[in-house]
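> Predicted model, plus sequence, below.
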Amino acid sequence: MKNLNPTLWRTCKMLAGTTRIHLLRALHDHPGKCVTELGRVVDIGESAASQDLRRIQSRGLLQAERHGVRLIYRMAADPQVASAAPLLKAIQSALATFPPKRDVEMAAIATGLAHERRIRMVRHLLEEPLPLSELHLAVGIPTHPFRVHLRTLQASGFVQTIHQKIHLAVPPHPLARALIRLIRQGAAR
């Protein structure tokens, strides 16, 4: 099985931070604000806001424009990052559809796929549900880390046990659906 580009799990790791999700909400609800103003909206300092906005930008989800001394970020997908456009579309859909109190769901979903081993487990489950022992053997992860990763996938809603088999489950959220589509595309190569 070919390895999925690690960019996806690293992007998920970045999205697992609730402050970064709050910054995305602030960008969505208050377009055109500078770094300092966005920091105030999410109640963090300018330095922390700048650092987190750069992290989001590094994953291809934001573009920065300088307006005099002010740096303005806007949501825009970097065309050089293959996963950016579908992920940004899903994030924007969630921000437009759900109230701010549900933004933490995106961090929880991203946490589920914020490790390459969990993506490997999902790739196997895309093919078919597997008994626990077969999934463990298929992914080749030592027992303790395997169980930790499985619990994380369960907590984020990506897997469930039905009739002693582990099944892939896709949480009913635009971000979860986009992530699974991206994994499917990577698994098909």
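That came through fine. Please read these numbers as outputs of a predicted model, since none were measured by experiment. Numbering: from 1, shown residues only.
> Domain parsing of this protein, as residue ranges.
Domains of the chain are assigned by automatic domain parsing as 7-97, 106-188.
> Reformat those domains into TSV and put mean neighbour count and mean pLDDT next to each item.
Every residue, glycine included, has its C-beta placed from N, CA and C. Converted to TSV, the domains of the chain look like this (neighbours: other Cβ atoms under 10 Å; pLDDT from 0 to 100):
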stretch	mean neighbour count	mean pLDDT
domain 7-97	17	94
domain 106-188	18	94
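> helix, strand or coil for the residue lying closest to residue 181 once chain neighbours are set aside?
Counting by Cβ to Cβ, 6 or more residues apart in numbering, residue 181 lies nearest to residue 86, which is 6.7 Å off, once chain neighbours are set aside. Residue 86 carries the three-state label helix when classified by DSSP: H, G, I helix; E, B strand; the rest coil.
> Please work out which residues outside the one helix or strand residue 63 maps to touch it.
If you go by DSSP states H and E, residue 63 is part of strand 62-67. Strand 62-67 is contacted from outside by 27, 34, 53, 56, 57, 71, 72, 73, 74, 75, 76, 78, using Cβ atoms under 8 Å, 6 or more residues apart in numbering.
> Give me the distance between that strand and the centre of its chain.
The chain centre lies 22 Å from the centre of strand 62-67; the measure is Cα atoms, centre = their mean, to the nearest Å.
> what's the next secondary structure element after that strand?
strand 70-75.
> Who are the packing partners of that next one?
helix 18-29, helix 35-42, helix 46-58, strand 62-67, helix 84-97 (3 or more Cβ pairs under 8 Å, 6 or more residues apart in numbering; DSSP states H and E).
> Which strands and helices lie in contact with the third one?
This points to helix 46-58. Identification of packing neighbours for helix 46-58 by 3+ Cβ pairs under 8 Å, 6+ apart yields helix 7-15, helix 18-29, helix 35-42, strand 62-67, strand 70-75.
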